[in-house]
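Student: With the input below, show me the fold.
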Amino acid sequence: MSTKQITVKTIENGNKGEAELYLLTSPNAECRMKILINGICRVEVSDFDFFSCFAKARKELKNITFLCKGAKRNVYPSNMSRQMSLGMVAYECTLGEQATREDIVKIFDFDDLDLATDPDEQKEFHHKWLKSF
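Tutor: Prediction:
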């Protein structure tokens, strides 16, 4: 089993902080994510890729805003990026424009603009984007 630790800036109840994300992959490619804040485990989830794990975790931690690309309204992975990177990269999309290699982002890189508080907002934007060209 492989483990990777990532720190993501957060805002919880108006207070800035950081979350420690522990990303684990098993030999059969199952992805697991554990999120600790102030050393306390707040959530542990598993799914077929890390973007999906992150979405599940955000659903459970509704009062926490994660300041990263993976929480942006217009960021969503393609099926291929889910398979090739286990959902660690996605496309930052613009309505009316097809995504290119230049639009690929790492989901845990810092960003604090146009963040979605609910992962369903990202799905909605993705469907809207698909119909926009």
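
Student: Lys16: what secondary structure?
Tutor: strand (DSSP: H, G, I helix; E, B strand; the rest coil).

Student: Please renumber the chain so that the first residue is 14 from this point on.
Tutor: Got it, the first residue is 14 from now on, which makes the last one we talked about Lys29.

Student: list the contacts for it?
Tutor: 22-23 (Cβ atoms under 8 Å, 6 or more residues apart in numbering). To be clear about C-beta, it is placed using only N, CA and C from the backbone, and glycine gets the same treatment.

Student: Distance of it relative to Ala84?
Tutor: 15 Å (Cβ to Cβ, to the nearest Å).

Student: so Arg71 makes contact with Thr78?
Tutor: No: with contact defined as Cβ atoms under 8 Å, Arg71 and Thr78 do not form a contacting pair (9.0 Å).

Student: so where do the strands sit in this protein?
Tutor: 15-25, 28-38, 44-50, 53-60, 77-79, 88-89, 102-105, 117-119 (DSSP state E).

Student: partner strands of the fourth one, parallel or antiparallel?
Tutor: Using DSSP bridges, strand 53-60 pairs in its sheet with strand 44-50 (antiparallel).

Student: and the partner strand with strand 28-38, angle?
Tutor: 150 degrees (axes from the mean of the first three to the mean of the last three Cα atoms, to 10 degrees).

Student: relative orientation of strand 44-50 and strand 15-25 in degrees?
Tutor: 40 degrees.

Student: Now tell me what touches strand 44-50 from outside.
Tutor: By Cβ under 8 Å, 6+ apart, strand 44-50 touches 23, 25, 30-39, 54-63, 65-67, 70, 74, 77, 99-100.
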